[in-house]
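**Q** Sequence plus the predicted model coming up.
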Amino acid sequence: MYDTFYALILKPMAYRDNETLVSFITERGSRGSGIAKGTKRPTARWVSSFEPLNLVNISLFGKESQSLKRITSCELISSPMLLGHLESNLVISCLADLFDRVTHEGLEDPRLFRLLKTVTEGLKSRPEEAAMILAYAEFWVLYLLGWLPDPKTCGHCQGLNEPFTVLSEERGWLCQRCHPVDQGEGLPKGTKEHLNHLKSETPISLQSQNLNPETFPIVSRLLRQRLLREMGSSPKSYEVLFRASGL
Ligand SMILES: [Zn+2]
């Protein structure tokens, strides 16, 4: 039987002779994969459709029980890849690896598809803001998957007003009253405001000049470490990005 749907390509990998194994996130937010045949021929109509984060309309064919179905068509709708934007293209690889790991077959979460789709649109319209957009996506992945508590209240006293001073393993964000620190220690000033700013913006509306230049890199690094730890290890694309841009 045939199945056709919108998807964002995650990773294409060389498979058996003249075949490519392609993973993607479906519009319902689960991970899928399929086999494309005849991809090594120079005239293969596929090749350009399978770049990471391409939005495509993809058709699969195979028996219901078959785990790896065959890709029978893959129509490219839009691609975020831009010539000459090294950092943006590295970020595209990181996002593809990230979503390849955090999505699962049969486990639907349409929010993950919507997030990756808007992030991809943001990258395409503002490739020079790639580092900020990656940090935005990482925050949202942590938050949507429940790996990061809501940055609204203190995890101990539930207070709304005191600044956060630490992200604790057991109780999440803790406030200055519950976990006092000396000035200059603990989380940077404005951490809570920064996180809530990320929560209220989109990858299109987010402006780097509205981000605190001291808070942003420190909090982004903290969240990235947490995300990579949850994933078990850093994907290779992240290593490349770290080396290239020192993020
Ligand atoms: Zn508290």
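**A** Sure thing, it's come through.
**Q** Can you dump the C-alpha atoms of stretch 150-167 in PDB for me?
**A** Below are the C-alpha coordinates for stretch 150-167, written out as PDB (Å, rounded to 0.1, in the frame of the first residue of the first chain):
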ATOM      1  CA  ASP A 150       9.100  25.100  33.000                       C
ATOM      2  CA  PRO A 151      11.200  28.200  33.700                       C
ATOM      3  CA  LYS A 152       8.200  29.900  35.400                       C
ATOM      4  CA  THR A 153       8.400  29.100  39.100                       C
ATOM      5  CA  CYS A 154      11.000  27.900  41.600                       C
ATOM      6  CA  GLY A 155      10.900  24.100  41.800                       C
ATOM      7  CA  HIS A 156      11.100  24.300  45.600                       C
ATOM      8  CA  CYS A 157       8.900  27.200  46.900                       C
ATOM      9  CA  GLN A 158       6.900  27.700  43.600                       C
ATOM     10  CA  GLY A 159       7.700  31.400  43.900                       C
ATOM     11  CA  LEU A 160       7.400  33.500  40.800                       C
ATOM     12  CA  ASN A 161       9.400  36.600  41.700                       C
ATOM     13  CA  GLU A 162      13.000  35.700  42.800                       C
ATOM     14  CA  PRO A 163      15.700  35.200  40.200                       C
ATOM     15  CA  PHE A 164      16.900  31.600  39.500                       C
ATOM     16  CA  THR A 165      20.300  30.800  40.900                       C
ATOM     17  CA  VAL A 166      20.700  27.200  40.000                       C
ATOM     18  CA  LEU A 167      19.300  24.400  37.800                       C
END
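**Q** contacts for that stretch?
**A** Contacting residues not belonging to stretch 150-167 are listed as 143, 149, 168, 171-181, 185-187, 189-192, 195-196, 199, 222, 226 [CB atoms under 8 Å, 6 or more residues apart in numbering]. Every residue, glycine included, has its C-beta placed from N, CA and C.
**Q** quick one: is it near the ion?
**A** Yes. Contact check for stretch 150-167 against the ion, using CB under 5 Å from the ion: residues in range are Cys154, His156, Cys157, Gly159.
**Q** who wins for neighbours among these?
**A** Cys154 (24 neighbours; other CB atoms under 10 Å).
**Q** contacting residues around the closest residue to Pro127 other than its chain neighbours?
**A** The shortest distance from Pro127 to any non-neighbouring residue, by CB to CB, 6 or more residues apart in numbering, is to Ser88 (3.5 Å). Contacts were defined as CB under 8 Å, 6+ apart; by that measure Ser88 touches Pro80, Leu82, Leu123, Pro127, Glu128, Ala130.
**Q** Work out for me the element Ser88 sits within.
**A** In this structure, Ser88 is located in helix 86-102 according to DSSP states H and E.
**Q** What segments of this structure are helices?
**A** 86-102, 110-125, 130-144, 191-200, 215-231, 236-245 (DSSP state H).
**Q** and the helix holding Ser88, what's its mean pLDDT?
**A** For helix 86-102, the mean per-residue pLDDT is 95.
**Q** swap in stretch 193-200?
**A** Per-region confidence: stretch 193-200 scores 94 on mean pLDDT.
**Q** What pairs with the longest strand along the chain, parallel or antiparallel?
**A** With residue count as the measure and DSSP state E as the assignment, the chain has strand 2-14 as its longest strand. Neighbouring strands of strand 2-14 in its sheet, by DSSP bridges, are strand 19-26 (antiparallel), strand 55-61 (antiparallel).
**Q** So for the chain, the centremost residue is which one?
**A** The chain has Leu95 as the residue nearest its centroid, 4.3 Å off, counting by CA atoms, centre = their mean.
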